[in-house]
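S.K.: the sequence and its predicted three-dimensional model are supplied below.
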Amino acid sequence: MAGEMANIKKWVVMYPVYINSKKTIAEGRRIGVSKACENPTCAEIGDCCSHFKIPFAIEIDKAYPRDFMQVGRVRVLLKKEDGTFYNPSISSRKQLMLKVAELVPRHPGRTKKQEAATTSNTGTSKPGKGGKKKR
């Protein structure tokens with residue numbers, strides 16, 4: 001495993017911006033809006049790679065060059081030493097992006113956040129009209 005980690009610079013780089021539906025193509029999105037997901041994180045992308053049984057490494061200290069506020073990237077190894085793919089259904093960067101974007105919205109952490117957001121918003125509305133009165 002130490003030999004593989006030394007060669008990590010040769011792995012495929014995947015920034016969360018590549019599959020973010022909130023970004024435009026000029027801002028760095030690489031797949032269609034209909035197939036992209038909303039605000040993915042490096043941890044979610046890493047979990048998807050482990051689900052597909054593909055080796056990956058999360059680099060938190062790296063930033064996306066076009067927008068340095070987007071911190072973090074994931075390095076992925078698609079092929080083994082002998083040239084065969086770790087996951088035969090994923091043979092290119094584009095297929096990896098499409099599969100990960102399809103899986104991220106079903107991520108367990110994401111579904112819990114959505115449930116918490118919907119339950120907290122239901123009881124906060126106040127009846128009546130608020131605000132200051134004018135003279």
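M.R.: Happy to help now that I have it.

S.K.: quick one, what contacts the residue most central in space within the chain?
M.R.: Averaging the C-alpha coordinates of the chain gives a centre point, and the residue nearest to it by C-alpha atoms, centre = their mean is P40 (3.2 Å). Contacts for P40 were tallied using C-beta atoms under 8 Å, 6 or more residues apart in numbering; they are 16, 19-20, 100-101, 104. Where C-beta positions appear, they are placed from N, C-alpha and C, glycine not excepted.

S.K.: burial of V17, as a residue count?
M.R.: 19 (other C-beta atoms under 10 Å).

S.K.: on the three-state scheme, it is what?
M.R.: For V17, the secondary structure call by DSSP: H, G, I helix; E, B strand; the rest coil comes out as helix.

S.K.: give the contact list for it.
M.R.: Residues near V17 by C-beta under 8 Å, 6+ apart: 23, 27-29, 64, 66-67, 70.

S.K.: what's the neighbour count on R93?
M.R.: One way to gauge burial is a neighbour count; for R93, by other C-beta under 10 Å, it gives 15.

S.K.: wait, doesn't it sit right on V12?
M.R.: Yes: in this structure, R93 is within contact of V12 by C-beta atoms under 8 Å, at 5.5 Å.

S.K.: what sits in contact with each of the two?
M.R.: Common neighbours of R93 and V12 (C-beta under 8 Å, 6+ apart) are L78.
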